[in-house]
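Visitor: Just need the structure, nothing else, for what follows:
(one chain, ligands or ions: 1)
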Amino acid sequence: MPTILVTGALGQIGAELVPALRARHGADNVIATDLKVLPPGGAAAAAPYGHLDCTEPHQLHEAVRRYDVGTIYHLAALLSASAEAAPQLAWSVNMSGLYNVLEVARGYGCQVFFPSSIGAFGPTTPRDATPQVTVQRPTTIYGVTKVAGELLCDYYAHRFGIDTRGLRLPGLISYVAAPGGGTTDYAVEMFYHAVRYGRYTCFLSAETRLDMMYMPDAIGAMMDLMAADSGSLRYRNAYNVTAMSVTPAEIAAAIARQVPGFAVDYEVDPVRQAIADSWPRSLDDSAAHADWGFAPRYDLEAMTTDMLARLRSKLAAARSR
Ligand SMILES: NC(=O)c1ccc[n+]([C@@H]2O[C@H](COP(=O)([O-])OP(=O)(O)OC[C@H]3O[C@@H](n4cnc5c(N)ncnc54)[C@H](O)[C@@H]3O)[C@@H](O)[C@H]2O)c1
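Guide: Numbers count the residues shown, from 1 in each chain. Okay, here's the model as predicted:
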């Protein structure tokens, strides 16, 4: 079976995607790579692990050749808030990285997964039930790289026959690894602070409505999309996917139902608020349902129950160490 290569594997998504891929395809068939050094005891991304900078084409070529890679999950990127703080670096990592991945895929015939984002939309996009095909004029460098990335994937699919597949992911909520500098990081922080301190100061306003998804649903969606029958996929840039459209106040209320006394106050960060205000409030993901059977399992209540239980045991285990 051809090997799977994951770039940016030590991030929030990779920390859960790599173990899930290894469980399905066998540990030796999934090569986790990142710019970062593997932390000692980092079980989730343990060997096979390699250092790989996706902006260096020869490193990608070498890894794909050496491991006989058939599929690349290209996760390496700067996220929205980090990208806005370093736009030139974001362009280099997000665009050169994807271009190098697509070029190596062209050379070796690899299948490619590209994670786009709700950030690929902008203030002139319809904000409610945002269609699969619509205006994409983002006002962030992150969004610019995601739209350009979607177009590049489409181009490689149609021009060179590369099997590119992508998702426009919403904010992802998870307990395994910390989020990496996105605008929806508040949602993860809120859960951690609820369990640790019983209170949280949120950097987005209470009524900022955005799409979210629990990480197990996101991992399931990525793997299902990559396993889907190629002929049923109408879109090669990225599919809208979502599991819930929620505000900080609604997440806080769901947590407070299970953590009595949990309190949130709001100190709005203008940079991240402006990013959030340029994004959709809810996506229409009917194309993903129709084409490859996307079906998330967690709504806000189910996610809150699972997140709190997992976080409590994680933090208790850390304390007893
Ligand atoms: N997490 C989310 O909520 C979310 C939502 C939408 C889309 N996405 C997309 O999913 C992908 C992964 O997101 P994540 O949350 O895991 O991000 P993350 O920031 O947690 O992880 C990204 C990883 O990429 C690595 N990296 C950075 N530069 C690199 C380089 N030059 N070469 C190799 N690795 C490099 C980092 O070290 C990091 O481990 C990104 O493309 C992101 O835009 C994430």
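Visitor: ok, Ser245 touching Arg281?
Guide: Yes: here Ser245 reaches Arg281: they are 6.1 Å apart, a contact under CB atoms under 8 Å. Placement of C-beta: from N, CA and C, glycine included.
Visitor: list residues touching both of these two?
Guide: Arg209, Leu210, Asp211 (CB atoms under 8 Å, 6 or more residues apart in numbering).
Visitor: List buried residues within those.
Guide: Among the shared contacts of Ser245 and Arg281, those scoring as buried are Arg209, Leu210, Asp211 (criterion: 16 or more other CB atoms under 10 Å).
Visitor: would you turn those residues into TSV with distance to Thr183, pLDDT and secondary structure?
Guide: Output for these, formatted as TSV (distance: CB to CB, whole Å; pLDDT from 0 to 100; DSSP: H, G, I helix; E, B strand; the rest coil):
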residue	distance to Thr183	pLDDT	secondary structure
Arg209	13	98	coil
Leu210	8	98	strand
Asp211	12	98	strand
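Visitor: Tell me the secondary structure at the residue of the stretch 51-200 of the chain at minimum distance from the ligand.
Guide: Closest to the ligand within the stretch 51-200 of the chain is Gly180: 2.1 Å, counting by CB to the nearest ligand atom. Applying DSSP: H, G, I helix; E, B strand; the rest coil to Gly180 yields a three-state assignment of coil.
Visitor: Give me the pLDDT for it.
Guide: We note a pLDDT of 83 for Gly180 in this prediction.
Visitor: and if you look at Ala46?
Guide: Per-residue confidence at Ala46 stands at 67 (pLDDT).
Visitor: buried set for stretch 148-157?
Guide: Using 16+ other CB under 10 Å as the test for burial, stretch 148-157 gives Ala148, Gly149, Glu150, Leu152, Cys153, Asp154, Tyr156, Ala157.
Visitor: excluding its backbone neighbours, what's nearest the fifth one?
Guide: Spelled out, it's Cys153. Nearest residue to Cys153, sequence neighbours excluded (CB to CB, 6 or more residues apart in numbering): Thr164, at 4.0 Å.
Visitor: Write out the residues of this protein neighbouring the ligand.
Guide: 7-8, 10-14, 34-36, 52-55, 75-77, 79, 93, 97, 115, 117, 169, 171-172, 179-182, 184 (CB under 6 Å from any ligand atom).
Visitor: out of these, which are buried?
Guide: For those, a burial check counting by 16+ other CB under 10 Å picks out 7-8, 10-14, 34, 52-55, 75-77, 79, 93, 97, 115, 117, 169, 171-172, 179-182, 184.
Visitor: So which of those are in strands?
Guide: Thr7, Asp34, Pro115, Ser117, Leu169, Gly171, Leu172 (DSSP state E).
Visitor: can you pull up the bridge partners for the first one?
Guide: Just to be clear, that refers to Thr7. His74 (DSSP bridges).
Visitor: Over to the fifth one?
Guide: Assessed by DSSP bridges, Leu169 has beta-bridge partners Ser117.
Visitor: That one and Ala218: what is the separation?
Guide: Between Leu169 and Ala218 the computed distance is 6 Å (CB to CB, to the nearest Å).
Visitor: Repeat that for the second one.
Guide: Between Asp34 and Ala218 the distance, using CB to CB, works out to 19 Å.
Visitor: do the same with the third one
Guide: Spatial separation of Pro115 from Ala218 under the definition CB to CB is 9 Å.
Visitor: which ones are touching Pro123?
Guide: Applying CB under 8 Å, 6+ apart, we find Pro123 in contact with Arg137, Thr139, Asp277, Ser278.
Visitor: scratch that, Asp28
Guide: Going by CB under 8 Å, 6+ apart, the list of residues near Asp28 reads Pro48.
Visitor: can I assume it sits in a helix?
Guide: Yes: checked against three-state DSSP, Asp28 lies within a helix.
Visitor: And the helices in this protein?
Guide: Residue ranges of the helices in the chain, as given by DSSP state H, are 14-25, 57-67, 80-85, 87-91, 97-108, 141-160, 185-196, 215-227, 248-256, 270-277, 286-292, 300-320.
Visitor: Give me the buried positions along the shortest one.
Guide: Using 16+ other CB under 10 Å as the test for burial, helix 87-91 gives Ala90, Trp91.
Visitor: which other helices and strands contact it?
Guide: The criterion is 3 or more CB pairs under 8 Å, 6 or more residues apart in numbering; DSSP states H and E, and the helices and strands that helix 87-91 contacts are helix 80-85, helix 141-160.
Visitor: what's the closest of the ones you listed to Leu315?
Guide: Evaluated with CB to CB, the helices and strands packed on helix 87-91 place helix 80-85 nearest to Leu315, the distance being 24.9 Å.
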